[in-house]
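Visitor: Everything below, folded, please.
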Amino acid sequence: MSAPTGAGTGLFLNGERQTGMDVRVGNVTAAMAVANIVKSSLGPVGLDKMLVDDIGDVLITNDGATILHQLEVEHPAARVLVELAHLQDQEVGDGTTSVVIVASELLKRGNELIKRGIHPTSIMTGYRRALKAAVAHIKKDLLVKVDLLGEENLINSAKTSMSSKIIGPESEFFSRMAVDAVKSVKMVDQASEGRFRYPLSAIHVLKAHGKSSTESHMVDGFALNVSRASQGMPTCVSGAKIAMLDMNFQRHRMAMGVEVTVTDLAEIDNIRQREMDITKERIMKIIGAGANVILTTKGIDDLCLKYFVEAGCVAARRCGKEDLRRLAKATGGKVVTTMADMEGNESFDPAMLGTCESFREERVGDGEMLYACGCKGGATTIVLRGANEYMLDEMDRSLHDALCVVKRMLESNTLVAGGGAVEAALSVKLEDFSHTIEGREQLAIQEFAEALLVIPKVLAVNAAKDATELVARLRATHAKSQTGGGASDPNLKYYGLDLIGGEIRDNLKAGVVEPAISKIKSLRFATEAAITILRIDDRIILNADQQQ
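Guide: Modelled structure (predicted):
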């Protein structure tokens, strides 16, 4: 029912109120509309989306989180799914499309149960029990330890992540690069004893136009997309001590509103000379502290450049502030915003300097880049090459997903088979589990089991295969694995879809794998999002205040 003004409810609302079935149908319709946008981009043969914004900028991608982030969704329930994709992207980095598809399917099936007279509370309880049983089954039977399978599986997981992206055809090349990059930033986690962590912030990705994507390369060090401020500076410095500054280097000028009255014309020259000397003293303090590489986020004028050239230093201007923060972390230095000390004088503390083995300039594409090699904090840079801006941006997003997958796999040390294998296994398991439940929750668990099959179905449809037959064969294989046939072939539980050949196969053996944490978190997030929206039975939209 809908009561536009709140009449009949005892409330006099300055707005519109929707209750009951109207709200649920509206929410499900909005959620399905969002899911349908990203549905065709799922899987190794998924299609791309072209998004054009209000000023005509074009974005071509098939990354679920990026697509949904670009859409300006107004419906509150649909916005929950957009935030869900963003959360999955932050927590895991991959699986953003599938989490939205599963959440919308759970929502649709939950709504069908409500139409049949099942109370939403029973459905939510059933979904939670199904989720608990599903996670337990993944941890008990479907997990595989990475240690048992070696580095090959790390490369396979990166390949699986890239398979649906623009760099899919070169996944062999980029997956190895992703694994090497993540392993190069390995550090011991001080909080937990003996465990390692792999901070992705230490991996810097730069994009340069020109050449083919396979000529992208990895640099053991930190690269900055800037060049030397003057050709008179050396191109390479060994034993570099780097000063990272967030300040302007130009002739000192009086502050606004300061007026100097001069009676003697000779004093004007003295004032000018002093203005130059103030700047020179600043520069000499930095060089005197031992710095031979000076990087600043602001400008350096010709007068200051002269002093740096004479001292044999390398200086670069207009560096990105975020780049300098990362470089400071890698080299053990700090970004300095002011030289003022506690006494009101100006000084430069040598402890602020970062150190690296060598600092050099190299030509990449049309321009130059500065490389800081041998950083003690561990830093790696991947320089991507490509034909145009759109391709480079999509390569960057694809590589980010692959780096996240490798990081999660190394930190959690567990993986599962991909290609719909987990979803099919869980569907069969939950179908059996539902028969042991007394009460209405049984129906919700059965619908949860059916909803999980949406992933293999969409994968098959996107690959132009017969989804009904393939999913039926996949379910039969997993049913055989769980009812006793698994004793003869223990690998049946790893069977998933081969979308190129249109067959089912052992995906663990074929190298189609993904981190277990990705699957578990996407199930949790999707269930919680569906429950959040199913709980809503009333929506009140207040009218905007009329301006007098």
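
Visitor: For the rest of this, base every contact and every neighbour count on C-alpha atoms.
Guide: OK.

Visitor: where in the stretch 401-548 of the chain is pLDDT low?
Guide: 485-488, 546-548 (pLDDT under 70).

Visitor: just the helices in the stretch 151-300 of the chain please.
Guide: 152-162, 171-184, 266-288 (DSSP state H, counting those that start in this stretch).

Visitor: Quick one: distance of the second one to the chain centre.
Guide: In this case it means helix 171-184. Remark: helix 171-184 is offset 16 Å from the chain centroid, using C-alpha atoms, centre = their mean, to the nearest Å.

Visitor: Kindly report the same for the shortest one.
Guide: Taking C-alpha atoms, centre = their mean, one finds helix 152-162 lying 17 Å from the centre of the chain it belongs to.

Visitor: between that helix and helix 171-184, how big is the angle?
Guide: Relative orientation of helix 152-162 versus helix 171-184 (axes from the mean of the first three to the mean of the last three C-alpha atoms, to 10 degrees): 120 degrees.

Visitor: could I get helix 152-162 in CSV with only the CA atoms?
Guide: Provided in CSV are the C-alpha atoms of helix 152-162 (Å, rounded to 0.1, in the frame of the first residue of the first chain):
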residue,chain,number,x,y,z
GLU,A,152,52.6,-22.0,-9.8
ASN,A,153,49.3,-21.6,-8.1
LEU,A,154,50.0,-17.9,-7.3
ILE,A,155,50.6,-17.3,-11.0
ASN,A,156,47.4,-19.3,-11.8
SER,A,157,45.4,-17.2,-9.3
ALA,A,158,46.6,-13.9,-10.9
LYS,A,159,45.8,-15.4,-14.4
THR,A,160,42.3,-16.3,-13.2
SER,A,161,41.8,-12.7,-12.0
MET,A,162,43.1,-11.3,-15.3
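
Visitor: List the buried residues for stretch 476-484?
Guide: The neighbour-count check on stretch 476-484 (16 or more other C-alpha atoms under 10 Å) flags 477-482 as buried.

Visitor: next one: stretch 289-309
Guide: In stretch 289-309, counting by 16+ other C-alpha under 10 Å, buried: 289-300, 304-305, 307-309.

Visitor: Now it: average pLDDT?
Guide: Here stretch 289-309 scores 89 as its mean pLDDT.

Visitor: Buried deepest among the helices of the stretch 151-300 of the chain, which one?
Guide: Most buried of these by mean neighbour count (mean count of other C-alpha atoms under 10 Å) is helix 152-162; its value is a mean of 25.

Visitor: In terms of secondary structure, what does that helix contact?
Guide: Packing partners of helix 152-162 (3 or more C-alpha pairs under 8 Å, 6 or more residues apart in numbering; DSSP states H and E): helix 171-184, helix 389-412, strand 513-515.

Visitor: contacts for it?
Guide: The contact list for helix 152-162 (C-alpha atoms under 8 Å, 6 or more residues apart in numbering) reads 44, 94, 146, 168, 171-172, 175-176, 178-179, 398-399, 401-403, 405-406, 409-410, 511-515.

Visitor: Buried members of those into PyMOL, please.
Guide: Buried members of the contacts of helix 152-162, defined by 16+ other C-alpha under 10 Å, are picked up in PyMOL with:
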select buried, resi 44+94+146+168+171+175+176+178+179+398+399+401+402+403+405+406+409+410+511+512+513+514+515
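
Visitor: Looking at the buried residues of stretch 476-484, spot the one nearest T279.
Guide: Each of these was checked against T279 using C-alpha to C-alpha; the closest is H478, at 74.6 Å.

Visitor: contacting residues for that closest one?
Guide: Neighbours of H478 in contact, by C-alpha under 8 Å, 6+ apart: 424-425, 428, 492-493, 495.

Visitor: would you list every one of the strands in the stretch 1-150 of the chain?
Guide: 2-3, 15-19, 49-52, 58-61, 144-145 (DSSP state E, counting those that start in this stretch).

Visitor: Tell me the buried residues in the third one?
Guide: When burial is assessed from 16+ other C-alpha under 10 Å, strand 49-52 yields the following buried residues: K49.

Visitor: cool, stretch 403-421 as well?
Guide: 403-410, 413-421.

Visitor: returning to that earlier point: of all the strands of the stretch 1-150 of the chain, which one comes closest to V237?
Guide: The nearest among the strands of the stretch 1-150 of the chain, by C-alpha to C-alpha, is strand 58-61 at 39.9 Å.

Visitor: in the stretch 251-400 of the chain, what spans have low per-residue confidence?
Guide: 254-255.

Visitor: Same question for the stretch 1-150 of the chain.
Guide: 1-13, 148-150.

Visitor: thinking again about what came up before, and the strands of the stretch 1-150 of the chain: which comes nearest Q273?
Guide: Closest approach to Q273 among the strands of the stretch 1-150 of the chain is made by strand 58-61 (52.1 Å; C-alpha to C-alpha).

Visitor: strands paired with the closest one, and their directions?
Guide: strand 49-52 (antiparallel) (DSSP bridges).

Visitor: what residues does stretch 163-182 touch?
Guide: Here stretch 163-182 has contacts from 41-46, 62-63, 154-156, 158-159, 162, 198, 200, 203, 214, 218, 380-382, 391, 394-395, 398-399, 402-403, 406-407, using C-alpha under 8 Å, 6+ apart.

Visitor: Quick one: distance of the helix or strand encompassing T532 to the chain centre.
Guide: Under the criterion of DSSP states H and E, T532 resides in helix 516-534. Relative to the centre of its chain, helix 516-534 is centred 18 Å away, using C-alpha atoms, centre = their mean.

Visitor: by how many degrees do that helix and helix 389-412 diverge?
Guide: 110 degrees.

Visitor: After helix 516-534, heading C-terminal, what element do we hit next?
Guide: According to DSSP H and E, the helix or strand after helix 516-534 is strand 538-542.

Visitor: buried stuff in that next one?
Guide: Buried, per 16+ other C-alpha under 10 Å, within strand 538-542: R539.

Visitor: List the strands paired with that strand, with their directions.
Guide: In the sheet, strand 538-542 lines up with strand 15-19 (antiparallel) (DSSP bridges).

Visitor: what's the nearest residue to E394 if we skip its chain neighbours?
Guide: Using C-alpha to C-alpha, 6 or more residues apart in numbering and skipping the chain neighbours, the partner closest in space to E394 is T61 (6.1 Å).

Visitor: That neighbour pairs with what?
Guide: On the basis of DSSP bridges, T61 is bridged to K49.

Visitor: what about it, how many residues close to it?
Guide: 24 (other C-alpha atoms under 10 Å).

Visitor: among the buried residues of stretch 476-484, which are in helices?
Guide: 477-482 (DSSP state H).

Visitor: okay, those in JSON lines with distance to E343 next?
Guide: Output for these, formatted as JSON lines (distance: C-alpha to C-alpha, whole Å):
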{"residue": "T477", "distance to E343": "77"}
{"residue": "H478", "distance to E343": "75"}
{"residue": "A479", "distance to E343": "77"}
{"residue": "K480", "distance to E343": "79"}
{"residue": "S481", "distance to E343": "76"}
{"residue": "Q482", "distance to E343": "76"}
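
Visitor: Sweet, I'm off.
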